[in-house]
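> Just a sequence and a predicted model for now, questions to come.
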Amino acid sequence: MRRLGLIGAGGMAETVLAALAAGLPAPIEHLAVLVPPGMEESAHALLARHGAAVAAERSIHTDLTSLLDTEPQVVAECAGHGAVRAHGAEILGTGRDLVVISVGSLADDALRESLAEAARMGGARLVLPAGAVGGIDVLAAARLSGLDEVTYSGRKPPRAWRGTPAETLLDLDALTEPTVFYEGTAGEAARDYPQNANVAAAVALAGAGFARTRVRLVADPTVTRNVHEVTVRSGCADFTIRLEGRPSPANPKTSLTAGYSVARELLNRVSPIAI
Ligand SMILES: NC(=O)C1=CN([C@@H]2O[C@H](COP(=O)(O)OP(=O)(O)OC[C@H]3O[C@@H](n4cnc5c(N)ncnc54)[C@H](OP(=O)(O)O)[C@@H]3O)[C@@H](O)[C@H]2O)C=CC1
Ligand SMILES: O=C([O-])CC(=O)C(=O)O
């Protein structure tokens with residue numbers, strides 16, 4: 001990877017670039033950042049902090065065409081479901097690998113199939129990092145042995161659920177104990193909680209699919225971390241994985257782990273040994 005595109009200049013983009021700045025053996029050739037019109041200032045600030053350590057040349061774009069003109073070999077999305085819908089097919093169709101962290105967007109069957117088709121046509125790959133959750137490797141392996149049960153539970157402090165449908169179900173400010181406000185499928189969770197249930201989609205795609213992966217979402221005033229639990233019963237192993245993710249200082253909905261998982265994917269592309 002010598003030329004990189006990055007979509008988004010928010011909290012996760014910050015984590016990704018900081019990790020690349022620390023982890024790259026040498027700056028790559030070019031980093032191009034795509035932001036919505038009017039958001040150029042946040043991209044300038046991001047590049048001022050980390051740009052020189054990441055790439056010899058940097059550019060900021062507000063349209064995909066001019067970003068693609070910089071010839072990125074891989075584009076990392078750190079922006080949201082809308083960005084995957086708006087840009088995913090064109091990036092893949094023009095032969096660039098796309099690393100998508102807004103995995104929940106793929107709960108939309110039509111979008112997932114159109115991205116797969118664009119990847120096939122462009123000879124590119126759609127890559128889905130594990131994000132804020134763990135155990136995706138063992139879950140995807142266990143799938144081959146047959147899965148009997150997969151459940152994901154996402155537990156976050158009340159403030160992480162502001163601006164989501166949880167607000168209409170609960171008085172978030174008045175909670176005194178952990179409260180389950182959603183139980184259902186991974187597909188529904190990914191659609192209704194686009195900034196909080198991307199991990200449910202990653203678990204579903206690696207494992208039993210959107211309909212058979214059960215999800216529980218909890219607002220919990222007793223925790224300060226974003227707690228993810230995946231429980232699996234399968235033909236080769238039964239396991240529970242629990243992570244307590246530190247929230248991004250920029251966005252309490254997002255665990256820092258997610259940005260590091262994008263950075264890991266990108267750093268693997270410049271290393272002779274990928275792990
Ligand atoms: N897989 C996982 O484990 C996780 C995935 N996520 C996903 O990552 C996304 C980013 O998280 P985070 O950085 O914390 O969120 P932030 O809200 O901090 O940052 C997202 C940034 O992307 C910008 N943006 C939105 N749409 C576009 C677009 N079409 N093109 C370019 N930029 C765009 C936003 O601009 P504006 O504010 O103007 O909209 C904002 O600056 C989340 O929305 C979620 O979908 C998050 C956590 C975990
Ligand atoms: O970062 C997290 O803790 C999980 C998250 O927001 C998501 O899956 O969208």
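Ah, there it is. Source: prediction; values computed, not measured. Ligands and ions are numbered 1, 2, ... in the order given.

> element containing Glu71?
Counting by DSSP states H and E, no helix or strand carries Glu71.

> Please report the distance of it from ligand 2.
30 Å (C-beta to the nearest ligand atom, to the nearest Å). Quick note: C-beta positions are derived from backbone N, CA and C, even for glycine.

> In the stretch 101-250 of the chain, which residue sits nearest ligand 1?
Proximity of the stretch 101-250 of the chain to ligand 1 (C-beta to the nearest ligand atom) peaks at Gly131, 2.3 Å away.

> So that residue sits against Thr254, correct?
No - with contacts counted by C-beta atoms under 8 Å, Gly131 stays clear of Thr254, the gap being 9.4 Å.

> So which residues make contact with stretch 44-55?
Under the criterion C-beta atoms under 8 Å, 6 or more residues apart in numbering, residues 4, 9, 13-14, 17-18, 20-22, 24, 27-31, 33, 58, 60 lie in contact with stretch 44-55.

> which parts of the protein sit against ligand 2?
Residues of the chain lying near ligand 2 by C-beta under 6 Å from any ligand atom: Ala132, Gln195, Asn196, Ala197, Asn198, Val199, Asn226, Gly245, Lys253, Thr254, Ser255, Ala258.

> Drop anything exposed from those residues.
Taking 16 or more other C-beta atoms under 10 Å as the criterion, what is buried in these is Ala132, Gln195, Asn196, Ala197, Asn198, Val199, Asn226, Gly245, Lys253, Thr254, Ser255, Ala258.

> and the fifth one, what is it in contact with?
If I follow you right, that is Asn198. Going by C-beta under 8 Å, 6+ apart, the list of residues near Asn198 reads Ile101, Ser102, Val103, Gly104, Gly131, Ala132, Ala190, Ala258.

> Phi first, then psi, for it.
phi -60, psi -30 (degrees, to the nearest 10).

> Would you mind measuring from it to Ala258?
For Asn198, the distance to Ala258 (C-beta to C-beta, to the nearest Å) stands at 8 Å.

> Identify the contacts common to these two.
Ile101, Gly131, Ala132.

> JSON lines please, covering those and showing secondary structure and distance to Ala119.
Formatted as JSON lines, the shared contacts of Asn198 and Ala258 follow (DSSP: H, G, I helix; E, B strand; the rest coil; distance: C-beta to C-beta, whole Å):
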{"residue": "Ile101", "secondary structure": "coil", "distance to Ala119": "17"}
{"residue": "Gly131", "secondary structure": "coil", "distance to Ala119": "19"}
{"residue": "Ala132", "secondary structure": "coil", "distance to Ala119": "24"}
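
> CSV for the residues you listed, including pLDDT and distance to Leu217?
Converted to CSV, the shared contacts of Asn198 and Ala258 look like this (pLDDT from 0 to 100; distance: C-beta to C-beta, whole Å):
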residue, pLDDT, distance to Leu217
Ile101, 98, 19
Gly131, 98, 16
Ala132, 98, 14
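
> Tabulate the residues you listed in JSON lines, adding columns for distance to Leu139.
Below are these laid out as JSON lines (distance: C-beta to C-beta, whole Å):
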{"residue": "Ile101", "distance to Leu139": "18"}
{"residue": "Gly131", "distance to Leu139": "13"}
{"residue": "Ala132", "distance to Leu139": "15"}
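
> Among these, which one lies nearest to Gly88?
Ile101 (12.1 Å; C-beta to C-beta).

> so that closest one touches Pro129, yeah?
Yes - here Ile101 lies in contact with Pro129, judged by C-beta under 8 Å, at a distance of 6.2 Å.
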